[in-house]
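Trainee: I need the structure of the sequence given here:
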Amino acid sequence: MQKMAKDDAFYLRLREQLLETSRWPASYMFKFIVPTLGNAEQVLRQLFEKNDVSIAVRASSKGKYTSVSVSGIFDNPDVIIEKYRLAAKIPNIIQL
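Mentor: Predicted coordinates:
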């Protein structure tokens, strides 16, 4: 029997929680922190360019990091998890 990866267990638990707490389609807000230097914010925005979302951006007090909040209506928990998995590939991203 193949052992489930830690990330897989996390996403499975998240999916179950999303199914229990929301009626789909549902409103959902993603929160990320990315380094201000580089193109992480641009890459993150591209992940959501085909979705009808609003994006709020705020720089940290010292300007080293940028907080990015993405809000929108999503069809189901699988879409949420797919976005998190894609965002996790962005170097130095923090997902909240």
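
Trainee: now do the buried residues in stretch 63-78.
Mentor: Y65, T66, V68, V70, G72, F74, P77 (16 or more other CB atoms under 10 Å). (Each C-beta comes from the backbone N, C-alpha and C, glycine too.)

Trainee: which residues sit in contact with P91?
Mentor: By CB atoms under 8 Å, 6 or more residues apart in numbering, P91 lies in contact with G38, A40.

Trainee: Three-state assignment for it, please.
Mentor: What DSSP: H, G, I helix; E, B strand; the rest coil gives for P91 is coil.

Trainee: relative to L37, how far out is it?
Mentor: Using CB to CB, to the nearest Å, P91 is found at 12 Å from L37.

Trainee: so L18 belongs to a helix, correct?
Mentor: Yes. Read with three-state DSSP, L18 is one of the residues of a helix.

Trainee: which element, helix or strand, includes the spatially most central residue of the chain?
Mentor: Against the mean C-alpha coordinate of the chain, by CA atoms, centre = their mean, the closest residue is Y84 at 4.1 Å. Taking DSSP states H and E as the definition, Y84 sits inside helix 77-87.

Trainee: S71 contacts D52, correct?
Mentor: No. Shown here, S71 and D52 do not form a contact pair, counting by CB atoms under 8 Å, at 10.1 Å.

Trainee: just to revisit the earlier point, quick one: the helix holding Y84 to chain centroid distance?
Mentor: 7 Å (CA atoms, centre = their mean, to the nearest Å).

Trainee: give me the contact list for the next helix or strand after that helix.
Mentor: Using DSSP H and E, the next helix or strand after helix 77-87 towards the C-terminus is strand 94-95. The contact list for strand 94-95 (CB under 8 Å, 6+ apart) reads F30, K31, F32, I33, V34, Y84, A87, A88.
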